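Student: Predicted model, plus sequence, below.
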Amino acid sequence: MTTRTDALPLLPRRAATGHKGTFGTVAIVGGCCAGGSRMIGAPALAALAALRAGAGLAKLAVPAPILEAAILLTPSATGLDLPVDAAGHLIAHEAAAVLDLLFESANCIVIGPGMGNGEGVQGAALRCIQQESVPVVVDADALNALAQTPELGRDFRARTILTPHPGEFQRLATSLKISHDPVTPATRPFAAEALAQRLGCVVVLKGAGTVVSDGITTWVCTRGHPCLGTAGTGDVLAGLIGGLVAQFARNPPRPGAAAGPGQLTLLDAARLAVQAHAVAGEGWAKSRHAGAGMLASELADLLPAVLEELREK
């Protein structure tokens, strides 16, 4: 394993003649209204972060009863209904038809924020990782759904970034019989690398000193602030990664080749997103002279200026 904390690549410049159709579309699949609980903010925050990252369009695919509320939270996004039954659970085969439309129209799928659990969630997560047309960021409840899938490694076909915190990592690791400790700083890089190798994906193991690995190269973020330890910041990171992937990593390079001009690998898109997320947290703490109390939406609002500092001049 090569563990790196060195300088990141620069974020590519945006085309001067670009427009919302060329700057990438991110689809956020999430939200929940089953069992009497409603989780609306998580997908809305992810969509907000994707737009703050520079994506041209964000689409919210959430359960039909909460779509209007989600759009009110992020009015710059558009929405698609995910069909649910009388109890609010996703109807798997009908949700699959919506996902298939997104695979044709989006440049990156982010699945999992606030999604809850159930067979419909598991079916949606599996459908995303089994297709090959669009890269996928798998976050939060979609990670837990995949951890319940027997022989998960057989199902991975998509270009995928997983974003587990240590608890989510442990559930996946138990399913895949990976024994590395995701909490201890000395073993976290080995844990992320092992999961990336097992599934052939990029892993963002969140926490103090977030680790990003594609199974060959492993990078550890040295930036950040404790103010990031609050609700919704993980949703912001998922949307931020999706926004950068949709703009700069949607076209896969040839096997074994580096990304071309104006493009990033999935690994570098994830690393840049993690760095920007961490630096934005530092910036909030410095500007507010506070170590806690940040809102996730405030973090998202700081992203454009931070990303500009990471961009090619």
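Tutor: Cool, got the structure.

Student: List the contacts of the spatially closest residue to residue 237 that is not a sequence neighbour.
Tutor: Leaving aside its sequence neighbours, residue 237 sits nearest to residue 277 (CB to CB, 6 or more residues apart in numbering; 4.9 Å). Yep, even glycine has a C-beta here, placed from its N, CA and C like the rest. Contacts here follow CB atoms under 8 Å, 6 or more residues apart in numbering; on that basis residue 277 touches 228, 233, 236-237, 240, 299, 303.

Student: Of these, which is the nearest to residue 54?
Tutor: Nearest to residue 54 among these is residue 303, at 8.8 Å by CB to CB.

Student: Just to check, that closest one is in contact with residue 280?
Tutor: Yes. Counting by CB atoms under 8 Å, residue 280 is a contact partner of residue 303 at 5.7 Å.

Student: More neighbours: which of those two?
Tutor: Neighbours were counted for residue 303 and for residue 280 using other CB atoms under 10 Å; residue 280 has more, 29 against 26.

Student: Tell me the secondary structure of the more buried one, please.
Tutor: helix (DSSP: H, G, I helix; E, B strand; the rest coil).

Student: mind checking how far it is from residue 45?
Tutor: As judged by CB to CB, to the nearest Å, residue 280 and residue 45 stand 14 Å apart.

Student: before we move on, back to that, hmm, which of the contacts of residue 277 are the buried ones?
Tutor: Using 16 or more other CB atoms under 10 Å as the burial test, these include 228, 233, 236-237, 240, 299, 303 as buried.

Student: Turn those into a markdown table, including distance to residue 31.
Tutor: Output for those, formatted as a markdown table (distance: CB to CB, whole Å):
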| residue | distance to residue 31 |
| --- | --- |
| 228 | 23 |
| 233 | 18 |
| 236 | 16 |
| 237 | 18 |
| 240 | 18 |
| 299 | 20 |
| 303 | 22 |
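
Student: ok, which stretches of the chain are strands?
Tutor: If DSSP state E is used as the criterion, the strands of the chain fall at 2-4, 25-29, 57-63, 78-82, 108-111, 136-138, 160-162, 202-205, 211-213, 217-220.

Student: I figured residue 297 hits residue 46, correct?
Tutor: No. Shown here, residue 297 and residue 46 do not form a contact pair, counting by CB under 8 Å, at 11.5 Å.

Student: can you pull out the helices in the stretch 201-313 of the chain?
Tutor: For the stretch 201-313 of the chain, applying DSSP state H, counting those that start in this stretch gives helices covering 233-248, 266-288, 296-309.

Student: Ignore what I typed, I meant the stretch 1-150 of the chain.
Tutor: Under DSSP H, counting those that start in this stretch, the stretch 1-150 of the chain gives helices at 41-52, 67-73, 92-105, 119-130, 140-147.

Student: Comparing the ones you listed, which comes out most buried?
Tutor: Counting by mean count of other CB atoms under 10 Å, helix 41-52 has the highest mean neighbour count of the helices of the stretch 1-150 of the chain, with a mean of 31.

Student: Run the angle between that helix and strand 78-82 for me.
Tutor: If you take axes from the mean of the first three to the mean of the last three CA atoms, to 10 degrees, helix 41-52 sits at 150 degrees to strand 78-82.

Student: Need the contact partners of helix 41-52.
Tutor: 26, 28-31, 58-60, 62, 70, 73-74, 76-77, 110, 113-115, 139-140, 232, 235-240, 242-243, 246, 296-297, 300-301, 303-304.

Student: Name only those of those that count as buried.
Tutor: 26, 28-31, 58-60, 62, 70, 73-74, 77, 110, 113-115, 139-140, 232, 235-240, 242-243, 246, 296-297, 300-301, 303.

Student: okay if I get the contacts of residue 277 as JSON lines plus distance to residue 106 and pLDDT?
Tutor: Below are the contacts of residue 277 laid out as JSON lines (distance: CB to CB, whole Å; pLDDT from 0 to 100):
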{"residue": "228", "distance to residue 106": "27", "pLDDT": "97"}
{"residue": "233", "distance to residue 106": "23", "pLDDT": "98"}
{"residue": "236", "distance to residue 106": "19", "pLDDT": "98"}
{"residue": "237", "distance to residue 106": "19", "pLDDT": "98"}
{"residue": "240", "distance to residue 106": "16", "pLDDT": "98"}
{"residue": "299", "distance to residue 106": "24", "pLDDT": "98"}
{"residue": "303", "distance to residue 106": "20", "pLDDT": "98"}
